[in-house]
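Below are the sequence and a predicted model for it; my questions follow.
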Amino acid sequence: MATTVPRAEMASSRVDRRTLVVAGNGMVGQKLLEILVERGATAEWDIVTFCEEGRLAYDRVGLSSFFTGTSAADLSLVAPGFFDAVGLEVHVGDAVASVDPEAGTVTSVRGATIAYDALVLATGSYPFVPPVPGKDLTGCHVYRTLDDLEAIREDAEGRCVGAVVGGGLLGLEAANALRSLGLETHVVEFAHRLMPVQIDDGGGAALRRRIEDLGVVVHTGMATTEILPGPDGRVAGMRFAGEDDTDLDVDLVVFSAGIRPRDELARRAGLEVGERGGVVVDEACRTSDPRIYAIGECALVEGRIWGLVAPGYHMARVVADRILGGGATFGGADLSTKLKLMGIDVASFGDAFAATPGAESIVFSDPVANVYKRLVVSAGGTQVLGGILVGDAAMYQTLVQMVRGDMPTPRNCEELVLPARAGSGAATGMGVESLADTAMVCSCNSVSKGAICAAVEGGATDVPALKACTTAGTGCGGCVPLVTDLLKLELRRAGVEVRNNLCEHFDYSRQELFDIVRVHRLTSFSQVLADHGRGLGCEVCKPAVASMFASLGVGGSILDRDQAPLQDTNDHFLANLQRDGTYSVIPRVPGGEITPEQLIVIGQVAQDYGLYCKITGGQRIDLLGARVEDLPGIWARLIDAGMESGHAYGKALRTVKSCVGSTWCRYGVLDSTGLAIELELRYRGLRAPHKLKSAVSGCTRECAEAQSKDFGIIATEQGWNLYVCGNGGMRPQHAQLLAAGLDHDSLIRTVDRFLMYYIRTADRLERTATWLNKLEGGLDHLKAVVLDDVLGIGAELEAEMDRHVADYRCEWASTIGDPDKLRRFRTFINSDEPDPDVVFVPERGQRRPAFTHEKQEVRLP
Ligand SMILES: Cc1cc2nc3c(=O)[nH]c(=O)nc-3n(C[C@H](O)[C@H](O)[C@H](O)COP(=O)(O)OP(=O)(O)OC[C@H]3O[C@@H](n4cnc5c(N)ncnc54)[C@H](O)[C@@H]3O)c2cc1C
Ligand code: SF4
């Protein structure tokens, strides 16, 4: 650990050097030092830092990762050798005890007295502990420093129940820590919802349900009045205000009821402090003494404490500039935050509570998936002003850019709060290309898109390099996905091959990870993450790994206990989410062949549940407008009539379309319908990197359009011709002939190998056409692997497919028969209250969802 560096060694003997003292080496104090060093301040200034904690600055934002294996060294923010530079001195484990503004000196706890020309207070804040009796008992903790966390970990050993006082941002982090230490965990919040500062009632309710699903017990509207001791004198219980005087038995308590600025030095030195604490500073972050500045969580700027790291860094930049003679000012900061609490995305940004005159809110709430989104827009919906996202914050970066005006707000802005769906603009965002160069990508460090692009042009080729040269993504980390997208975009533009890691949690491409899962026979996401990844996982890697398990037939059904949390919204409900929050139901109709009895049942179900019916391009019937609570009832009746899931919601085989072939058509040479049915039943439920479509035509007239499919088959006098890697969609591509004149068995074997090879090697969300386009060696390579078995994996691929066929079970049938799985659809069962957000209007004898302008009123939460 670095300690005091003798002052004599600090600098040259020039007499005109000045001394800057920085009290506090936390996140903001360290940022100030870095900026000063970068701007060459040490040429004129000797900078002396006092660091009260026994270790140099570390990433407090990432503190909780200490419980998931991140070491104190990993969290360090100080580059090795940083304090060895001439002009820098640090006193570790020593605090400034007093300031004498008149003499211009500070004196430390250990007795060092240093004269300063400028002093910066960067002393941060301390956790507020409500003054309840028993708060100091053994077993009571706070959650602020690495030492605190070490103490909690030690104390939790052998204990059973822990409680956190405070259901705010930090309280929930602390609760997660207790949970990860194996304690039954309670959160006690005084307000009537969780995170009352950042999110509204709707968001609080969704967050609560999600947290309770993880086994944490949440008590809101409860005021803790006493911590009760046990016979051994340590914590044994908690008592609350109110008529219900039931005590809660606990072994350990963590207080996380807010922060208070550490302004004690300033108070004692006679500097102006706020009524409720905080060192009062002006826009230059200068205190009532012009030689003393205050930054970070100890500073009261514009009457408020800015309790996030980004405003603190902004203040550090201002003070560095002022010390170097500049005129920078702090005019407030964006308090937008995106966090992952217990694996749950929570974001609050811009005018989240619709305080702007005329502002309106568009609310999407899915109480079953526990996803809540509130989008605040200006009158008429022309500009996004702010919002709250709980459970799905994929659109956070895009929405923040819209709030800042760096990206246009689209016309149908309600689309922005719908969950990600394949092919929708909402799913993909507006694209990083449409960001203005001046758009602020990293708010913590004020790094624009232009600066990131320039850094890539200047030679940064990966995220760590970009972080190092621009500091983007080194604050709260919320912008890292956007930084990654920009990096990829710029590299591609420069013609550089882009390393295709699945996401920030895995240093492997999908293909590499698939091989790892397959070879090591891994069956749970936590195992994959622990052995081959890092962090908690995200909305990219979780469904991708879930899809691998499903393709390999391991880990059980996609809605089994361990698998269910990994699935995206469609798979989560085994149905396709529509733009109004309802779902579509598509039973499988193999080869488009359906009995009159089944048609009647479909009609009756549609009538009874008020569903809109449409014949799809894949020769089946889409029933749209189903409410989530109705899905099990609908499927029970369809399954009773001999139908099964059509997997329209999954990245899986959709349909094998067919013409009537030789059975009816006078041109038909082979039984295309029979083959289509056989193929559809063989490959049904097969999970893949993307959806799979197929078709069989009975002759070369090609009525089933087989050459536009992922695998398409055309009957000829000589046998079956197999075409592969055709796609419709946005960029249509014709399929290419893989093999001609195949007999039935060789055809099946060839399709088995082709599909399994694609599943093994394609990237996430990569359709077969794109895969083939990128495949080294193209069609020739594919033929060599599939037909000539040059890699010697043919038998393996076939065996994998045989296993899939043998293990297949209809996902809906196994859901209907399992009360545990049905529970996710249960919230609305027996509820007479329809979801008021779902509004239909009549159209051509059926009904469809209303557009925003057709709804009578915009609902507020
Ligand atoms: C668990 C946790 C999670 C968080 N998550 C987020 C997040 O997701 N996003 C976000 O933006 N913010 C988050 N924060 C808040 C963020 O960490 C703070 O905003 C940031 O650390 C403030 O930096 P600071 O330098 O002002 O204070 P600190 O980092 O607290 O540093 C102050 C330092 O000064 C020292 N000190 C105090 N008095 C003296 C003295 N007299 N002499 C010498 N040294 C002294 C203290 O011991 C401390 O080391 C989180 C905080 C915690 C605890
Ligand atoms: S593809 Fe051939 S067999 Fe099939 S319907 Fe058309 S003409 Fe008839």
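The structure has been received and is ready for your questions. Numbers count the residues shown, from 1 in each chain. Ligands and ions are numbered 1, 2, ... in the order given.

where does Glu226 land in three-state SS?
strand (DSSP: H, G, I helix; E, B strand; the rest coil).

List the contacts of it.
With contact taken as CB atoms under 8 Å, 6 or more residues apart in numbering, Glu226 is in contact with 132-134, 238-239. The way it works is simple: take the backbone N, C-alpha and C, and place the C-beta from them, glycine included.

What segments of the stretch 1-150 of the chain are helices?
For the stretch 1-150 of the chain, applying DSSP state H, counting those that start in this stretch gives helices covering 27-38, 72-75, 146-156.

before we move on, the earlier item: can you lay out the contacts of Glu226 as JSON lines showing distance to Ile621 and pLDDT?
Shown next, in JSON lines, are those (distance: CB to CB, whole Å; pLDDT from 0 to 100):
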{"residue": "Val132", "distance to Ile621": "63", "pLDDT": "92"}
{"residue": "Pro133", "distance to Ile621": "67", "pLDDT": "94"}
{"residue": "Gly134", "distance to Ile621": "65", "pLDDT": "95"}
{"residue": "Met238", "distance to Ile621": "57", "pLDDT": "94"}
{"residue": "Arg239", "distance to Ile621": "60", "pLDDT": "91"}
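
do you know how far the residue of the stretch 651-800 of the chain found nearest ligand 1 is from Leu487?
Shortest the stretch 651-800 of the chain-to-ligand 1 distance, computed as CB to the nearest ligand atom: residue-wise this is Arg764, at 27.4 Å. Between Arg764 and Leu487 the computed distance is 18 Å (CB to CB, to the nearest Å).

ok so, going back, for the helices of the stretch 1-150 of the chain, which one sits closest to ligand 2?
Across those, ligand 2 has its closest neighbour in helix 72-75 (62.6 Å, CB to the nearest ligand atom).

most neighbours per residue, which of the helices of the stretch 1-150 of the chain?
When those are scored by mean count of other CB atoms under 10 Å, the highest mean neighbour count falls to helix 27-38 (a mean of 23).

which SS state does Ser547 fall under?
helix.

related to what we said a few turns ago, counting neighbours, which of the contacts of Glu226 comes out on top?
Neighbour counts for the contacts of Glu226 (other CB atoms under 10 Å) peak at Met238, which has 23 neighbours.

do you know how far that one is from ligand 2?
Met238 sits 74 Å away from ligand 2 when distances are taken as CB to the nearest ligand atom, to the nearest Å.

Ok, Ile295 next?
Distance from Ile295 to ligand 2, by CB to the nearest ligand atom: 75 Å.

where does that residue land on pLDDT?
Note on Ile295: pLDDT of 97.

who are the neighbours in contact with it?
Listed by CB under 8 Å, 6+ apart, the contact partners of Ile295 are 28-29, 32, 120-122, 281, 285, 312, 315-316, 318-319.

okay, these in CSV with distance to Gly158 next?
Formatted as CSV, the contacts of Ile295 follow (distance: CB to CB, whole Å):
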residue, distance to Gly158
Val28, 38
Gly29, 37
Leu32, 43
Val120, 44
Leu121, 41
Ala122, 38
Val281, 47
Cys285, 47
Gly312, 38
Met315, 43
Ala316, 43
Val318, 49
Val319, 47
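
I'd like to know which of those residues are part of strands.
The strands, defined by DSSP state E, take in 120-121, 281 from the contacts of Ile295.

would you turn these into CSV with neighbour count?
Putting those into CSV (neighbours: other CB atoms under 10 Å) gives the following:
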residue, neighbour count
Val120, 32
Leu121, 31
Val281, 27
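
Go through those residues and name the one nearest Leu466.
Leu466 lies nearest to Val120 out of the ones in strands among the contacts of Ile295, by CB to CB, at 28.7 Å.

Lowest average pLDDT across the helices of the stretch 1-150 of the chain?
Least confidently modelled of those is helix 72-75, at a mean of 87 by mean pLDDT.

is that helix up against ligand 1 anywhere?
No: against ligand 1, helix 72-75 shows no contacts by CB under 6 Å from any ligand atom, the least distance being 11.2 Å.

Would you agree Gly202 falls within a helix?
Yes: Gly202 forms part of a helix when assessed by three-state DSSP.

Asp249 and Gly124: what is the separation?
Taking CB to CB, one finds Asp249 at 34 Å from Gly124.

the more surrounded of these two?
Gly124 (24 against 15).

ok, the nearest residue to Thr105 once chain neighbours are set aside - contacts?
Nearest residue to Thr105, sequence neighbours excluded (CB to CB, 6 or more residues apart in numbering): Ala115, at 5.1 Å. Contact analysis of Ala115 by CB under 8 Å, 6+ apart lists 19, 103-105.

From those, list the buried ones, please.
With burial judged by 16 or more other CB atoms under 10 Å, the buried subset of the contacts of Ala115 is 19, 104.

out of the contacts of Ala115, what pair is the most spread apart?
Top of the distance list for the contacts of Ala115 (CB to CB): Thr19 and Ala103, 13.1 Å.
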